[in-house]
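Visitor: test case, fold it:
(one chain, ligands or ions: 2)
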Amino acid sequence: MWELTKSFRFEAAHALSGTTLGSGSEEIHGHSFRAEVTVRGTQDPKTGMVVDLGLLERSMAEVQKTLDHKFLNKIEAIGLPTLENLSRFIWERLQHAGTLARVSVHRDSCNESCTYFGPQD
Ligand SMILES: Nc1nc2c(c(=O)[nH]1)N=C([C@H](O)[C@H](O)COP(=O)(O)OP(=O)(O)OP(=O)(O)O)CN2
Ligand SMILES: [Zn+2]
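Guide: Numbering: from 1, shown residues only. Ligands and ions are numbered 1, 2, ... in the order given. The predicted structure follows:
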């Protein structure tokens, strides 16, 4: 069993009310985010790969395009633009790219990150 991890970065704006951190959160402001995507699986004996990282990169580039330099509050499928909802949103858009193990979203300027392990049922 292997895990493969690849990251992408995006810059985005949001406004979030009702938090106890960051007095400016309610006004529109920006952050630099890094999303880390981990897929799990076994090697294809023919290719030696769990999943072709190039294919994963292609799918990640599409998600990156939907988030980079965007106002996250306007993307309905995210919901409230928390780290929790962002990691879930990215998971949902990359489900087809491989067997996801987790998606983490890092906001380093705030020393924060959040990891989604998929729906629990
Ligand atoms: N469970 C969660 N709690 C909180 C979240 C979250 O996503 N999930 N988010 C926030 C704030 O948005 C976050 O702490 C950042 O605060 P913000 O005012 O946006 O940023 P700063 O001004 O502190 O950071 P700089 O990047 O340094 O400007 C709170 N709770
Ligand atoms: Zn913020």
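Visitor: when you work out contacts or count neighbours from here on, use the C-alpha atoms and nothing else.
Guide: Noted.
Visitor: pretty sure residue 95 sits in a helix.
Guide: Yes: assessed by DSSP: H, G, I helix; E, B strand; the rest coil, residue 95 belongs to a helix.
Visitor: can you tell me the SS state at residue 4?
Guide: The three-state label given to residue 4 by three-state DSSP is strand.
Visitor: the one 3 residues further on too?
Guide: Of the three states, residue 7 takes strand according to three-state DSSP.
Visitor: how about the contacts made by the nearest residue to it once chain neighbours are set aside?
Guide: The spatially closest residue to residue 7, leaving aside those adjacent along the chain, is residue 36, at 4.3 Å (Cα to Cα, 6 or more residues apart in numbering). Residues in contact with residue 36 (Cα atoms under 8 Å, 6 or more residues apart in numbering) are 5-8, 103-106.
Visitor: host element of residue 36?
Guide: Here residue 36 sits within strand 29-41, counting by DSSP states H and E.
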